[in-house]
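Enquirer: kindly generate the corresponding structure for this input.
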Amino acid sequence: MKKIIILSLLMAVGFSSCKKDYGDPSITVTVSYPTITLTGAQYYSIPVNGSLPTIAATAYDSFYHESCSVLLDLSTLDATTAGLYAVTASAKNKYGFIGYKTVYVGVTNEPASLDISGAYIRLATAGRVANVSKLATGMFMTDNVGGVDITNPATGAVVSAVFVVTSDTTLDFGSQLTSAGTLTASSETLMLVGGGGSGTTLNYAIALSGFGTQVRTFVKQ
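Expert: Sure thing, here's the model as predicted:
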């Protein structure tokens, strides 16, 4: 599994009422961050050794009424190895405040027809439902990666996460920033039934603050 540091899904949007003192008490500015708008998709899929996508974005600071240049960090992409990767887009305004946004790129040779989306139950336990949706070829999102009991908040936070099917038997979550912090995973395996139908099983252990390290099993209904 590739290990990738993801700076942010969306670290800074809008502005706060805070003031920043530049060492001179007579010079203060309102803290405001550029908002990055993607002019294309946020989720891309390419085959192993395929061409990297053209990712375009614009940025604007609505408080200072300033358009900002967008920089793309392509250093995490490795088109030669299947997995989930992230490209960080950043934009800095004239006062040095930086906004971020992340684009996900899945590198996989799985066919476009693969679709494992649907409702999954963790170990067939009532209430522990995870809904998986398709984002791009071989790329999916689960809305409950921990498989917590959605009817009982005491079992943990409901966290969404993106993953890529890298082969008929493996998954990859990469390293991604979620609503509960940075998530990585291990023991990521897949058992396809009927090309992704009922009985398809996802297995993985997640490293995420507030969650245990046990392997979690989800079965499609």
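Enquirer: which stretches of the protein have low pLDDT?
Expert: Low-confidence segments of the chain (pLDDT under 70): 1-26, 124.
Enquirer: now with 80?
Expert: 1-27, 124-127 (pLDDT under 80).
Enquirer: please, where are all the helices along it?
Expert: With DSSP state H as the criterion, the chain has no helices.
Enquirer: give me the distance between Ser133 and Gly106.
Expert: When distance is defined by Cβ to Cβ, to the nearest Å, Ser133 is 14 Å away from Gly106. Glycine gets a C-beta too; all of them are placed from N, C-alpha and C.
Enquirer: the more surrounded of these two?
Expert: Gly106 (26 against 13; other Cβ atoms under 10 Å).
Enquirer: isn't that one right up against Leu84?
Expert: Yes. Contact criterion Cβ atoms under 8 Å: Gly106 and Leu84 qualify, at 5.7 Å.
Enquirer: show me what contacts Phe163?
Expert: By Cβ atoms under 8 Å, 6 or more residues apart in numbering, the contact set of Phe163 is 84, 139-142, 171-174, 185, 188.
Enquirer: one more: Gly196?
Expert: 114-117, 220.
Enquirer: 6 Å instead?
Expert: 115-116 (Cβ atoms under 6 Å, 6 or more residues apart in numbering).
Enquirer: touching both of Gly106 and Leu84, which residues are there?
Expert: Val164.
Enquirer: per-domain residue ranges of this protein.
Expert: Here the domain assignment for the chain is 14-107, 118-220, based on automatic domain parsing.
Enquirer: before we move on, back to that, just the contacts of Phe163 now: which is nearest Val162?
Expert: Met141 (5.1 Å; Cβ to Cβ).
Enquirer: do I have it right that that closest one meets Lys134?
Expert: No. The criterion here is Cβ atoms under 6 Å, and Met141 misses it with Lys134 at 8.2 Å.
Enquirer: how far away is Thr81 from Asn49?
Expert: Distance from Thr81 to Asn49, by Cβ to Cβ: 10 Å.
Enquirer: for Gly83, list each beta-bridge partner.
Expert: Val107 (DSSP bridges).
Enquirer: does it touch Thr170 like I think?
Expert: No. Between Gly83 and Thr170 there is no contact under Cβ under 6 Å: 9.7 Å.
Enquirer: comparing those two, which shows the higher neighbour count?
Expert: Gly83 (23 against 15).
Enquirer: ok, Thr81 and Asn49, which is more surrounded?
Expert: Ranked by neighbour count (other Cβ under 10 Å), Thr81 and Asn49 place Thr81 first, with 13 against 10.
Enquirer: who's in contact with that one?
Expert: Thr81 neighbours (Cβ under 6 Å, 6+ apart): none.
Enquirer: who's in contact with Ile36?
Expert: Taking Cβ under 6 Å, 6+ apart, one finds 57, 59, 89, 91, 99, 101 in contact with Ile36.
Enquirer: run a quick neighbour tally on Gly138.
Expert: 28.
Enquirer: that one reaches Asn109, doesn't it?
Expert: No. Under the criterion of Cβ under 6 Å, Gly138 makes no contact with Asn109, lying 8.1 Å away.
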